[in-house]
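Participant: Predicted coordinates and the sequence they were generated for:
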Amino acid sequence: MRDTEDVASYVRSSSDKQELQHQLNDIDDWAERHDIDPREIDRYADIAQSGADPGREEFRELIDAMDDGEHDRVIIWEISRLARLGSTYQEFFETAGDAGVVVNITNGWTDTVKADGTGKLIADISAAVAEEERRKLIKRVESGIRRAREEGKWLGEVPVGFERNDEGYLRPLIDADPDEDSYLEIRNTLESIEHEDESYRQAARGLNTTRQTLSRIHQDEERRQWYLDAAADDDRVEEALQDVATGASPNS
């Protein structure tokens with residue numbers, strides 16, 4: 001039997017390391033308040049991983065370590081960091097319960113879930129609320145995307161030689177900054193590829209746009225016509241090009 005308690009922590013971020021560091025700081029503060037040296041904590045962390053993925057490498061390692069009796073306590077920041085799927089969430093707590101592992105949550109409705117199940121009901125409720133909030137967020141995002149599309153707004157990456165104005169509509173880029181290429185610069189470059197038989201490497205000289213991007217545009221029949229024919233099957237692009245053709249301000 002171990003003389004000292006073996007403590008582990010688990011953190012997960014869906015996007016960046018800044019989010020991860022916030023979780024770690026909160027866990028360390030909790031540990032110090034409970035006389036646990038943060039330097040002695042075994043760390044498990046999944047970076048840029050979705051909670052809906054049950055195969056997260058560090059999470060699986062933690063499950064196996066608990067199952068092998070390597071830890072007495074696991075500290076997490078929030079229930080949602082464990083899983084977005086109920087089956088994965090239940091697997092974690094069943095493994096912890098069977099192995100006699102105490103789970104501490106630093107940012108939740110309950111602070112401790114003991115191996116005998118004490119605190120588990122509150123943790124389950126917290127997880128259910130978090131899941132419902134996530135569903136509502138997804139619905140709001142989907143609704144916002146549908147509304148933006150219906151209004152003709154451009155979503156996603158802005159094509160080379162275009163810009164997205166303050167209202168979210170696509171417009172040809174006329175006055176380009178030094179680190180950008182205007183619509184006309186891309187058009188003229190594609191014309192030189194078409195009519196002067198320039199290579200993509202030659203045509204890209206003096207541009208910010210790479211030869212790989214030029215190649216993708218030139219070999220994509222639909223996108224090529226945006227520049228060479230000032231025409232598009234996409235109504236949003238067609239409207240943007242018509243605004244310029246009729247003399248409307250590209251920022252209107």
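Facilitator: Sure thing, it's come through.

Participant: Check which helices and strands the worst-scoring helix or strand of the chain on mean pLDDT is in contact with.
Facilitator: Across the helices and strands of the chain, mean confidence by mean pLDDT, DSSP states H and E is lowest for helix 120-150: a mean of 78. For helix 120-150, the helices and strands in contact under the criterion 3 or more C-beta pairs under 8 Å, 6 or more residues apart in numbering; DSSP states H and E are helix 86-99, strand 102-105. All C-beta spots, glycine's among them, are computed from the backbone N, C-alpha and C.

Participant: Kindly present these as CSV, with separate columns for mean pLDDT and distance to Asp229.
Facilitator: Formatted as CSV, the helices and strands packed on helix 120-150 follow (pLDDT from 0 to 100; distance: least, C-beta to C-beta, whole Å):
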stretch, mean pLDDT, distance to Asp229
helix 86-99, 87, 51
strand 102-105, 94, 59
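
Participant: quick one: low-confidence parts of this structure?
Facilitator: Applying pLDDT under 70 to the chain flags residues 1-3, 15-18, 51-52, 54, 84-85, 243-252.

Participant: can you list the domains in it?
Facilitator: 7-139, 162-245 (automatic domain parsing).

Participant: Which one of these lies nearest to Glu151?
Facilitator: The closest of the domains of the chain to Glu151 is domain 162-245. By C-beta to C-beta, the value is 7.8 Å.

Participant: most tightly surrounded among the helices and strands packed on helix 120-150?
Facilitator: For the helices and strands packed on helix 120-150, average neighbour numbers computed from mean count of other C-beta atoms under 10 Å are highest in strand 102-105, which has a mean of 22.

Participant: residues near the residue nearest to Thr213 when sequence neighbours are not counted, how many?
Facilitator: Sequence neighbours aside, Val160 is the residue nearest to Thr213 in space, at 6.0 Å (criterion: C-beta to C-beta, 6 or more residues apart in numbering). Neighbour count of Val160, defined by other C-beta atoms under 10 Å: 24.

Participant: cool, Arg205 as well?
Facilitator: Neighbours around Arg205, by other C-beta under 10 Å: 10.

Participant: go on, the one 3 residues further on?
Facilitator: Neighbours of Asn208 under the rule other C-beta under 10 Å: 14.

Participant: Next: the one 5 residues further on.
Facilitator: A total of 17 residues lie near Thr213 under the criterion other C-beta under 10 Å.

Participant: what do you get for the one 3 residues further on?
Facilitator: Arg216 sits with 14 neighbouring residues when counted by other C-beta under 10 Å.

Participant: Give me the buried positions along the host helix or strand of it.
Facilitator: Following DSSP states H and E, one finds Arg216 within helix 211-219. Within helix 211-219, the residues that count as buried by 16 or more other C-beta atoms under 10 Å are Thr213, Leu214, Ser215, Ile217, His218.

Participant: hmm, back to that, redo the helices and strands packed on helix 120-150 as a markdown table? Include distance to Ala115.
Facilitator: Listed next are the helices and strands packed on helix 120-150 as a markdown table, based on distance: least, C-beta to C-beta, whole Å:
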| stretch | distance to Ala115 |
| --- | --- |
| helix 86-99 | 5 |
| strand 102-105 | 6 |
